[in-house]
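Undergrad: Let's see this in three dimensions:
(chains A and B)
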Amino acid sequence: KQEVTQIPAALSVPEGENLVLNCSFTDSAIYNLQWFRQDPGKGLTSLLLIQSSQREQTSGRLNASLDKSSGRSTLYIAASQPGDSATYLCAVRGPGNQFYFGTGTSLTVIP
Amino acid sequence: DGGITQSPKYLFRKEGQNVTLSCEQNLNHDAMYWYRQDPGQGLRLIYYSQIVNDFQKGDIAEGYSVSREKKESFPLTVTSAQKNPTAFYLCASSTSDPRGYGYTFGSGTRLTVV
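TA: Next comes the predicted model:
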């Protein structure tokens, strides 16, 4: 069974710092990988989707990369802001329409 | 705008009572999913459906039931057999084509047993 791990579980950084969140998965047979943001008590908001044939996707200050062969993805956040404080989750989509989630990284950006 | 609507946002259940959480989507997605999220924990899959009139159990289906009579709707019933139902419930949908966009989530329903 696919296992998805996110490290670190929690991260606290000063405003303006660039940071990297990590996501690793055990089975490289994936269709795509998706990064989400979750604010407390809210649903998940999709940030970026990377298809298995792609290496990276960018949206504003966010850049996500995918190395399928090594089972890794990173989410890079440039010039972090207090509004970026949230939990970030990654999910991989595998055969049989199954999605597998990591447990998330809780990010706090300190003003 | 296309999206997923979950209702109600907050729900209170008495001991021994069944309650139903609503999930409606207008994205024309074939597949729909229910997840449970407990504080400090990840998402756990309860049920999913890839087509109308068909659904499969996820990792924690005991004490829950679903139906999929319409493509747009995937209601979840939390039965009295679910011993610890207090949690945050999330509904999601996706295209059946794995090359499609991926998951879209609703805003969630917080269920509390009183």
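
Undergrad: contacts and neighbour counts: CA atoms only from here.
TA: OK.

Undergrad: which residues in chain A form strands?
TA: In chain A, the strands defined using DSSP state E lie at A:4-7, A:10-14, A:19-25, A:32-38, A:44-51, A:56-59, A:62-67, A:72-77, A:86-94, A:98-101, A:105-110.

Undergrad: Most tightly packed of those strands?
TA: Ranked by average neighbour count under the criterion mean count of other Cα atoms under 10 Å in any protein chain shown, the strands of chain A are headed by strand A:86-94 at a mean of 24.

Undergrad: That strand packs against which elements?
TA: strand A:4-7, strand A:32-38, strand A:98-101, strand A:105-110 (3 or more Cα pairs under 8 Å, 6 or more residues apart in numbering or on different chains; DSSP states H and E).

Undergrad: Could you list the residues of chain B in contact with chain A?
TA: With the criterion set to Cα under 8 Å from any Cα of the partner chain, chain B comes near chain A through B:41-43, B:88, B:90, B:96, B:98-99, B:101-108.

Undergrad: Please spell out the PyMOL selection for the buried subset of the residues you listed.
TA: The buried subset of the residues of chain B next to chain A, as determined by 16 or more other Cα atoms under 10 Å in any protein chain shown, is captured in PyMOL by this line:
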select buried, chain B and resi 43+88+90+96+98+101+102+103+104+105+106+107+108
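
Undergrad: For the residue nearest the centre of chain B, which non-adjacent residue is closest in space?
TA: The centroid of chain B falls nearest to residue B:34 when counting by Cα atoms, centre = their mean (2.9 Å). For residue B:34, ignoring the flanking residues on the chain, the nearest one in space by Cα to Cα, 6 or more residues apart in numbering or on different chains is residue B:91 at 4.6 Å.

Undergrad: Roughly how far does that neighbour sit from residue B:62?
TA: 17 Å (Cα to Cα, to the nearest Å).

Undergrad: These two: who's more crowded?
TA: The residue with more neighbours, out of residue B:91 and residue B:62, is residue B:91; 33 against 15, by other Cα atoms under 10 Å in any protein chain shown.

Undergrad: Thank you, goodbye.
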